[in-house]
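Participant: dropping a prediction and its sequence here:
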Amino acid sequence: MLNVYFLIIFYFFVSSCSNNNNNKLNNYHQLKTQKYIVYNSFPSEYVSPRDIEVWLPADYDNYKSFPVLYMFDGQNIFHGKQGWNNNQYNHGWQVDETLDSLFMAEKVPPMIVVGIFNTGIKRASEYMPAQPREEIEKRIPEAVSWVREGYQKYGITSDDFLKFLVKELKPFIDKNYKTQERQSSTYLAGSSMGGLISAYAICEYPNTFGSVACFSTHWTALNGVFIEYLKNNIPNPSNHKFYFDYGTLGLDSQYETYQIKVDSLMIAKGYEKNKSWLTKKFEGHGHNEKFWRSRFHYPFEFFFNSQE
């Protein structure tokens, strides 16, 4: 039986997303209620158990149904200084606060967010795309020792991880919450290796996921091997949207060359910039939650504004 606990947070919501909405938002002092539901050690036939945290927006009971955002590295995305790798930037993405602000500014509808915790030592194995398999097998022996040893010990299990997401977790969420089950209302987001698995998920399950936000995508994994897969597997642009971004500091400084290749693939596939695909470069941004938090609003403004 799932171990579940609830966190109900009462807070005053005072925010502003743009100058045009300052008066409206500054006058908004209504007491709001959010719910965080945590499922400890959510079971799976495909992967190791892990915690799942579901965020229900304010006024959940007053709406018939909601789009759903599935996010990887779920222990990072909501609360204060909580983070999975215990570095100085673990302030959390504060996704709940950003989405509430966007909703109040009438830029996005209210959404349910599902945070999927990683399992630490197996994170790279679960988040590394399993295709193109033959080329991956060639490149693993050439990888740096800690990467090579990790993949040799745990394998690359992203296909099983996506089965867990699509065949177990999403059906559970759809059954127990007021979701909009359709593909166009199902979103994915992640950073670094979480960006890779997000892109892989929408390519492998294009009928399940409609839009994906990939922050600081770790294209350099196994020397960019995943880009070879993308050449033949990017889904139809008529009913999918992609957001990519990257900074210029630290790990992010390595991504631009790869991102340019991916952008060329998007154009060749028929994606239109600012309509079905968007890539943004952020000068002076590094590879951590501090910067991803500051950029989180961009893809969702893009996803919903480009529907008009």
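Facilitator: Done, it's in.
Participant: packing partners of the helix or strand where Ser101 lies?
Facilitator: Here Ser101, judged by DSSP states H and E, is contained in helix 95-104. Packing contacts for helix 95-104, counted by 3 or more CB pairs under 8 Å, 6 or more residues apart in numbering; DSSP states H and E, involve helix 22-26, strand 31-42, strand 112-116, helix 297-305. Heads up, the C-betas are built off the backbone N, CA and C, glycines and all.
Participant: buried stuff in the second one?
Facilitator: Put plainly, it is strand 31-42. For strand 31-42, a neighbour-count test (16 or more other CB atoms under 10 Å) marks Lys32, Gln34, Tyr36, Ile37, Val38, Tyr39, Phe42 as buried.
Participant: can you tell me what sits against the helix or strand following that strand?
Facilitator: Counting by DSSP H and E, the element after strand 31-42 in chain order, helix or strand, is strand 50-56. Applying CB atoms under 8 Å, 6 or more residues apart in numbering, the set of residues contacting strand 50-56 from outside is 34-42, 74-75, 78, 95-96, 112-119, 169, 173, 177.
Participant: also stretch 255-268?
Facilitator: Under CB under 8 Å, 6+ apart, the answer for stretch 255-268 is 216-220, 224, 227, 230-231, 234, 242, 244, 246, 248, 273, 277, 279, 281.
Participant: could you pull out the buried residues of that stretch?
Facilitator: Those buried within stretch 255-268 under the rule 16+ other CB under 10 Å are Tyr255, Tyr258, Gln259, Val262, Asp263, Met266.
Participant: can I get whichever strand or helix holds the last one in PDB, CA atoms only?
Facilitator: Mapping Met266 onto the secondary structure by DSSP H and E places it in helix 256-269. Once non-C-alpha atoms are left out, helix 256-269 reads as follows in PDB (Å, rounded to 0.1, in the frame of the first residue of the first chain):
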ATOM      1  CA  GLU A 256      25.900  25.800 -27.600                       C
ATOM      2  CA  THR A 257      27.500  23.800 -30.400                       C
ATOM      3  CA  TYR A 258      25.200  20.900 -29.800                       C
ATOM      4  CA  GLN A 259      22.100  23.100 -29.400                       C
ATOM      5  CA  ILE A 260      22.800  24.700 -32.800                       C
ATOM      6  CA  LYS A 261      22.800  21.200 -34.400                       C
ATOM      7  CA  VAL A 262      19.500  20.400 -32.600                       C
ATOM      8  CA  ASP A 263      18.000  23.700 -33.800                       C
ATOM      9  CA  SER A 264      18.900  22.800 -37.300                       C
ATOM     10  CA  LEU A 265      17.100  19.500 -36.900                       C
ATOM     11  CA  MET A 266      14.000  21.300 -35.600                       C
ATOM     12  CA  ILE A 267      13.900  23.500 -38.700                       C
ATOM     13  CA  ALA A 268      14.500  20.600 -41.000                       C
ATOM     14  CA  LYS A 269      11.600  18.700 -39.400                       C
END
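Participant: chain center to that helix, what's the gap?
Facilitator: Relative to its parent chain, helix 256-269 has a centroid offset of 20 Å by CA atoms, centre = their mean, to the nearest Å.
Participant: repeat that for stretch 121-129.
Facilitator: The answer for stretch 121-129 is 15 Å, by CA atoms, centre = their mean.
Participant: great, nothing more from me.
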